[in-house]
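Engineer: From the sequence below, what's the structure:
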Amino acid sequence: QVQLVESGGGSVRTGGSLRLSCTASGSVGRIDTMEWHRQAPGKERELVANIFSGHSTVYADSVKGRFTISRDTAKKSVFLQMNSLKDEDTAVYYCKMSIGPNWLNLRNYWGQGTQVTVSS
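Structural biologist: Below you'll find the model as predicted:
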């Protein structure tokens, strides 16, 4: 059984910063791609950023230059540093990891979500 647990969400003023963390536990073998997604009220869940096993990254246009994704594979963790936060960044943030016993047998796991609220 694999579980992902997120932390670091909260309320912050416009222009502020938050750092999200997500750690996997349980029967974790290989971890491939790690991702952060978010879902705002009344909107579909969207990809915020992902980081591949080789540490290359991809960002949504809306967060480029403000958010930084990083990973510590040995600690089974992924992080999202969010700077210059805007009101429109308010959402529930979810981490997602591709995990399996080997590279050929991966499946996706999701965290339970952590609320980020940005207001002026």
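Engineer: who's the spatially most central residue of the chain bridged to?
Structural biologist: Residue closest to the mean C-alpha point of the chain, counted by C-alpha atoms, centre = their mean, is residue 36 at 2.7 Å. When bridges are called by DSSP bridges, residue 36 pairs up with residue 49, residue 95.
Engineer: thought it was touching residue 95?
Structural biologist: Yes. In this structure residue 36 lies within contact range of residue 95 using C-beta atoms under 8 Å: 5.7 Å. Any C-beta I mention is one placed from the backbone N, CA and C, and that applies to glycine too.
Engineer: Common neighbours of those two, please.
Structural biologist: 20, 22, 78 (C-beta atoms under 8 Å, 6 or more residues apart in numbering).
Engineer: quick one: which of those residues is most hemmed in?
Structural biologist: Neighbour count (other C-beta atoms under 10 Å) singles out residue 78 as the most crowded of these, with 29 neighbours.
Engineer: Quick check: which element contains that one?
Structural biologist: Residue 78 is part of strand 77-82 when elements are defined by DSSP states H and E.
Engineer: contacting residues around that strand?
Structural biologist: The set of residues external to strand 77-82 that reach it, using C-beta under 8 Å, 6+ apart, is 17-24, 34-36, 48-49, 51, 63, 66-72, 89, 93, 95, 97, 116.
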